[in-house]
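**Q** quick one: sequence and predicted model below, then my questions.
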Amino acid sequence: MVDWNRLNSAPLHGMKPRVAIVDDHTLFADACRTLLEPSCEVIGTYSDPRLFLSKAEALKPDVAILDLTMPSMNGLATAR
């Protein structure tokens, strides 16, 4: 069984993973941010995937959480 408390408190060599959240539903994106902030560095939330892509190279996220069904560009196309 996984001890989540131990995993969440374990240092990652002094660094938290850098996470970007891309979702057109701001309420969901904000909830993700709140949930992740204790163990991750949330470097931004974006409702427009094209805006995220324009900034991604400079931000260098370790992880991007992508909504699969955004109207302007879906998450799979964004990931590519």
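**A** Nice, I can see it.
**Q** give me the beta-bridge partners of V63?
**A** V19 (DSSP bridges).
**Q** ok now do it, which residues does it touch?
**A** P17, R18, V19, A20, C40 (Cβ atoms under 8 Å, 6 or more residues apart in numbering). From N, CA and C alone the C-beta is placed, and that goes for glycine too.
**Q** and which of those residues is nearest to A64?
**A** A20 (4.7 Å; Cβ to Cβ).
**Q** how many other residues sit next to that closest one?
**A** Neighbour count for A20, taken as other Cβ atoms under 10 Å: 20.
**Q** thought it was touching A56?
**A** Yes: A20 is within contact range of A56, at 7.1 Å (criterion: Cβ atoms under 8 Å).
**Q** so what sits against both of the two?
**A** Going by Cβ under 8 Å, 6+ apart, residues that sit against A20 and also against A56 are A64.
**Q** quick check, nearest of the contacts of V63 to A77?
**A** Checking the contacts of V63 against A77 by Cβ to Cβ gives A20 as the nearest, at 15.9 Å.
**Q** quick check: closest non-adjacent residue to the closest one.
**A** In space, and not counting its chain neighbours, A20 is closest to P61: 4.1 Å by Cβ to Cβ, 6 or more residues apart in numbering.
**Q** what of L59?
**A** Leaving aside its chain neighbours, L59 sits nearest to I43 (5.3 Å; criterion: Cβ to Cβ, 6+ apart).
**Q** the one you found: which element?
**A** strand 41-46 (DSSP states H and E).
**Q** pull out the buried residues from the following helix or strand past that strand.
**A** Downstream of strand 41-46, the first helix or strand assigned by DSSP H and E is helix 49-59. For helix 49-59, the neighbour count (16 or more other Cβ atoms under 10 Å) marks P49, F52, A56 as buried.
**Q** likewise for stretch 55-75?
**A** By neighbour count on 16+ other Cβ under 10 Å, the buried set for stretch 55-75 is A56, P61, A64, I65, L66, D67, M70, M73, G75.
**Q** quick one: which of those residues sit in strands?
**A** Counting by DSSP state E, the buried residues of stretch 55-75 place A64, I65, L66 in strands.
**Q** for L36, state which of the residues you listed is nearest.
**A** Closest approach between those and L36, by Cβ to Cβ: I65, at 8.3 Å.
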